[in-house]
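[1] return atomic coordinates for the entry below.
(one chain, ligands or ions: 2)
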Amino acid sequence: MRTIESLGDLRGTRVLVRSDFNVPLKDGQITDDGRIRAALPTLKTLVDAGARVVVMAHLGRPKGQVDPAFSLAPVAARLGELIDAPVALAEDVVGESAKSVVAGLEDGQIALLENVRFDPRETSKVDEERQELARAYAELGDAFVSDGFGVVHRKQASVYDIAQLVPSAAGLLVFKEIDSLSRATDDPERPYGVVLGGSKVSDKLGVIANLLKKADMLFIGGGMAFTFLAAQGHSVGTSLLEEDQIEAVKGYLAEAAERGVDLVLPVDVVVAPRFAADAPATVVPVDAIPDDQMGLDIGPESQRLFAEKIAAAKTVAWNGPMGVFEFPAFAGGTAAVARALSEGDMFSVIGGGDSAAAVRTLGFDEETFSHISTGGGASLELLEGKVLPGIAVLED
Ligand code: ADP
Ligand code: MG
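    Ligands and ions are numbered 1, 2, ... in the order given. Next up is the predicted model:
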């Protein structure tokens, strides 16, 4: 990928930057500014280089229409606080306001265009429509830095098309993400462990198929574990079960055996009569799941087993919570895996929106993991071994 340095001396140059500012809002207030903070290294680098920075970002799903509820105004204010300089917000995406705000920039100043998804062309499936918008972006900037990791798997005007119109490069966040995720998937230091969980096997088929070819150990927890247990002939009560995936899962079990991959399934589970925070929880071995109960977490014996094996790994990629961590009674498995990664002497990467949220909710120090990805969908596609359009355009 091309670096910011490859763009040369940026003093006085108008640099378009795609950032991921899709932050959670409650009553117009930002409840987690992690994504804005993650964008700061690149923005500071450009400001220090004397560039005139024009940031493009989206918020929520305004569906191609102007909707004040999705205005980037709160983001502009927060970004200004964090970077300790005023951030001018245009009132439109590429209209008169955008043009005049950009024209008013001095070296080292930052402007933010209004939510790019106010324009239907941003996410259009029609190439010509996206390209038309990208040409309008190119009127506002002389170079492009792609730093919105959460959107690099999208073929969108401010991510993909603009990169083909002006000199373009990857920002520091995109670099760090790609560097860490590829270190944990392409050529990992061994033993290499992959921990998968979350709700559905069908969401993660691509990840299983890709990483089964590379892993030394594959741990399966979360809702998807029940389709694996069913494939082994266990009855799983009312647990999440995808009957139509049982054959695929049998194929993975056979492939793991053939390749000598240590495929580790739970040996016990925490069950409850219903999906609720206050449902009474009981621990049962996997061959004794009652017909009228559902598994909502891996059990304590499984937690010990997973943690002990994970500790032997030199690289671990983790995607998907081990249980319904949103309910404290069923968060033990996710916490045990997080602890094993946090305390282990290994290169550890966490991908997946809910997994990253779980680690934070459970109070782990983010610094104790090698990398927590900021992009749910994008990190999943990298774990699947896919080529991301927004990355491919930044390669030479
Ligand atoms: P990620 O966003 O990290 O990729 P997913 O979206 O695949 O993860 O899955 C996260 C969800 O899976 C969580 O909301 C969690 O409650 C749910 N989950 C985990 N284990 C179970 C289970 N045993 N039964 C039902 N849902 C589960
Ligand atoms: Mg999710």
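
[2] contacting residues for the closest residue in space to residue 144 that isn't next to it in sequence?
    Nearest residue to residue 144, sequence neighbours excluded (Cβ to Cβ, 6 or more residues apart in numbering): residue 168, at 4.1 Å. From N, CA and C alone the C-beta is placed, and that goes for glycine too. Residue 168 is in contact with 2, 143, 144, 145, 146, 162, 393, 394, counting by Cβ atoms under 8 Å, 6 or more residues apart in numbering.

[3] show me the contacts for whichever residue of the stretch 251-396 of the chain sits closest to ligand 1.
    Of all residues in the stretch 251-396 of the chain, residue 352 sits closest to ligand 1, at 2.5 Å by Cβ to the nearest ligand atom. Residues in contact with residue 352 (Cβ under 8 Å, 6+ apart) are 198, 318, 319, 320, 373, 376, 379, 380.

[4] and with 10 Å instead?
    196-198, 203-204, 207, 318-321, 358, 372-373, 375-377, 379-380, 383 (Cβ atoms under 10 Å, 6 or more residues apart in numbering).

[5] partner residues bridging the nearest residue to it once chain neighbours are set aside?
    Leaving aside its chain neighbours, residue 352 sits nearest to residue 319 (4.3 Å; criterion: Cβ to Cβ, 6+ apart). According to DSSP bridges, the partner residues bridging residue 319 are residue 196, residue 351.

[6] and residue 319, what pLDDT?
    Residue 319 is assigned 96 on the pLDDT scale.

[7] and if you look at residue 253?
    At residue 253, the predicted lDDT confidence score is 97.

[8] what of residue 360?
    Model confidence at residue 360 (pLDDT) stands at 89.

[9] circling back to that earlier point, and for the residue nearest to residue 352, the neighbour number?
    Neighbour count of residue 319, defined by other Cβ atoms under 10 Å: 27.

[10] what's the answer for residue 77, then?
    Residue 77 has 14 nearby residues by other Cβ under 10 Å.

[11] that one - that's part of a helix, no?
    Yes - Residue 77: assigned to a helix according to DSSP: H, G, I helix; E, B strand; the rest coil.

[12] what distance do you get for it to ligand 2?
    Applying Cβ to the ion, to the nearest Å, the value for residue 77 to ligand 2 is 29 Å.

[13] what bridges to the closest residue to that residue other than its chain neighbours?
    The spatial neighbour of residue 77 that comes closest, neighbours along the chain excluded (Cβ to Cβ, 6+ apart), is residue 87 at 7.8 Å. With beta bridges defined as DSSP bridges, residue 87 has these partners: residue 110.

[14] hang on, isn't residue 87 packed against residue 74?
    No - counting by Cβ atoms under 10 Å, residue 87 stays clear of residue 74, with 11.5 Å between them.

[15] looking at the two, which one has more neighbours?
    Between residue 87 and residue 74, residue 87 has the larger neighbour count (other Cβ under 10 Å), namely 21 against 18.
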